[in-house]
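Q: fold the following, please.
(one chain, ligands or ions: 1)
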Amino acid sequence: MNRRAMVAGNWKMNGARDFNTSLVHDILFDARGFTDIDIVICPPAPYLDSVGRQLEGSSLQLGAQNLCEQEKQGAFTGEIDGSMLRDVGCAYSIVGHSERRALYGETDVRVMEKFRTGQVHGLTPILCIGETLDERESGQTEAVLARQLGAVLDACGIAAFKQAVIAYEPVWAIGTGRTATPDQAQQTHAFIRAQLAAADAKIAGSTRILYGGSVKADNAEALFKCPDVDGGLIGGAALKAGEFVAICAAAQARNK
Ligand code: PEP
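A: Purely as a prediction, here's the structure:
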């Protein structure tokens, strides 16, 4: 199955107007030849509009880091709904990032609601799932992933994954400099794909599963070579144009 590789940069809570302008300028210039992959930039919400304008006319796409689970606008102070994200040009939204699950109490059900609402508004969710170090060391990795994925699969159905991306992000690898080995990533991605395949083999074969967790220029190639790793969700390295573009180059090479 030929899946188009994707690299998504999650800036997290980092950025400022001048910094963003120069980072996006450099990425646009250096990544202009990467036409065989999808590149998505996910800046903090206040900068979505300006970064989106800067991406106009390029093949790079805009993504949000989070969205409100409510389908309709209204009295939800501080929240941002899917229609607003579409309005400023977002094509994607990350949902269920482990920082949101751990720091802001997002449950599997809440993540599922965000996934569903995002799709209602025409956004492609990038659904993050991943185990903690304790969970991995106590042999619970597969059970945790099956639970997190199952919450969305059961409620939204397998057909919802025709328009969704999964990011496997082991919590112990996020921002720690400690990355999963290619073998660990491949094994876990194959498990996730098998979960989807149990519901529909064709959709499972076409769903992109990204790896996230301390991906850098020097480990991206080995990770992206794994047959079930379709690209990366990049945190820290997405804030440095050179690193981010080198990661995109590794994804582009995988597609050849
Ligand atoms: C992330 O925040 O999704 C992430 C993978 O971060 P980092 O690349 O910094 O580990």
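Q: can you tell me which helices and strands the helix or strand encompassing residue 125 packs against?
A: Residue 125 is part of strand 124-129 when elements are defined by DSSP states H and E. Contacts defined by 3 or more Cβ pairs under 8 Å, 6 or more residues apart in numbering; DSSP states H and E place strand 124-129 against strand 90-95, helix 108-120, helix 141-156, strand 165-168. Using the backbone N, CA and C atoms, a C-beta is placed for each residue, glycine as well.
Q: just checking: what are the partner strands of that strand?
A: Neighbouring strands of strand 124-129 in its sheet, by DSSP bridges, are strand 90-95 (parallel), strand 165-168 (parallel).
Q: just those strands: most buried one?
A: strand 165-168 (a mean of 26; mean count of other Cβ atoms under 10 Å).
Q: what residues does that strand touch?
A: With contacts defined as Cβ atoms under 8 Å, 6 or more residues apart in numbering, strand 165-168 is touched by 6, 8, 92, 94, 124-130, 145, 149, 185, 188-189, 192, 207-212, 233.
Q: try 6 Å
A: 126, 127, 128, 130, 188, 189, 208, 209, 210, 211, 212, 233 (Cβ atoms under 6 Å, 6 or more residues apart in numbering).
Q: you'd agree the last one is in a strand?
A: So the one you mean is residue 233. Yes - counting by DSSP: H, G, I helix; E, B strand; the rest coil, one finds residue 233 located in a strand.
Q: grab the nearest non-local neighbour of it.
A: residue 212 (3.4 Å; Cβ to Cβ, 6 or more residues apart in numbering).
Q: how close does that neighbour sit to the ligand?
A: Going from residue 212 to the ligand by Cβ to the nearest ligand atom, to the nearest Å gives 4 Å.
Q: that residue: what's it in contact with?
A: Residues near residue 212 by Cβ under 6 Å, 6+ apart: 167, 169, 233.
Q: try 8 Å
A: By Cβ under 8 Å, 6+ apart, the contact list for residue 212 reads 10, 128, 130, 167, 168, 169, 173, 174, 232, 233, 234, 235.
Q: so how many other residues sit close to the residue of the stretch 151-256 of the chain found nearest the ligand?
A: Closest contact between the stretch 151-256 of the chain and the ligand, by Cβ to the nearest ligand atom, is at residue 235 (2.1 Å). For residue 235, the tally of surrounding residues (other Cβ atoms under 10 Å) stands at 22.
Q: what's the closest non-adjacent residue to it?
A: Among residues not flanking residue 235 along the chain, residue 10 sits closest, at 5.2 Å (Cβ to Cβ, 6+ apart).
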